[in-house]
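Chemist: structure, please.
(chains A and B)
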Amino acid sequence: LAKTTQPISMDSYEGQEVNITCSHNNIATNDYITWYQQFPSQGPRFIIQGYKTKVTNEVASLFIPADRKSSTLSLPRVSLSDTAVYYCLADSGGYQKVTFGTGTKLQVIP
Amino acid sequence: SAVISQKPSRDICQRGTSLTIQCQVDSQVTMMFWYRQQPGQSLTLIATANQGSEATYESGFVIDKFPISRPNLTFSTLTVSNMSPEDSSIYLCSVRGVVNTGELFFGEGSRLTVL
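Modeler: A predicted model of the protein is given here:
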């Protein structure tokens, strides 16, 4: 299972764009990069998934360079409600188990 | 998508007792995952439960302490046995959605406090 490394915490002001980088040097060929968001007292929630290049949805963008050894989750114009822990996973889906890294605790400041 | 219901949502337990957590999914799934999340920490995988077979436990977790049942494709239980204060955690049940996307869905968790 590919290990992922992310910053433990980040602070950002409301309205700013936030970029959270994840390192996954040993990612396997069939692994996707998947990001989850977790609010206090809730289970993690899927945000976005990609294999390479750029993926965008209504919540975030995900940038994955050609070598796939890292990825960046981009949250545009964050609000206070984006304060949460964000987890980056290298996951091949299917019947594979999933282990979580430390996650990044994002604190959005008014 | 998958909707997961967990019971109880929270409980306060006495040292030495056991508690069973239930996980109900609104669709049939092959694999169910049980995680533990200690206060302020990330999620740690306890075991993977497949219907009709014994659960597969991760290093540091044993069946005697965390027995799991998986009687059908929509339901599983996790028992936390002979509890101590160190077992105070949130326990989360998870399943995959559509297999080819691999997206994980989680229940709201069961918050256990052991006194």
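
Chemist: what are the bridge partners for the residue positioned nearest the centre of chain B, then?
Modeler: Of all residues in chain B, the one closest to the mean position by C-alpha atoms, centre = their mean is B:Trp34, 3.4 Å from it. B:Trp34 has the following beta-bridge partners by DSSP bridges: B:Ala47, B:Cys93.

Chemist: next, the contact list for it, please.
Modeler: B:23, B:45-49, B:66, B:68, B:76, B:78, B:91-94 (C-beta atoms under 8 Å, 6 or more residues apart in numbering or on different chains). The C-beta positions use only the backbone N, C-alpha and C, and glycine is treated the same way.

Chemist: how close does it get to A:Val108?
Modeler: Using C-beta to C-beta, to the nearest Å, one gets 31 Å for the distance from B:Trp34 to A:Val108.

Chemist: could you do B:Ser1 as well?
Modeler: For B:Ser1, the distance to A:Val108 - C-beta to C-beta - is 27 Å.

Chemist: so if I had to pick from the two, which one is more boxed in?
Modeler: Neighbour totals were compared for B:Ser1 and A:Val108, and A:Val108 leads with 20 against 9 (other C-beta atoms under 10 Å in any protein chain shown).

Chemist: give me the three-state assignment for the more buried one.
Modeler: strand (DSSP: H, G, I helix; E, B strand; the rest coil).

Chemist: so what's it bridging to?
Modeler: Beta-bridge partners, per DSSP bridges, of A:Val108: A:Ser12.

Chemist: isn't it up against A:Thr83?
Modeler: Yes. Counting by C-beta atoms under 8 Å, A:Thr83 is a contact partner of A:Val108 at 4.8 Å.
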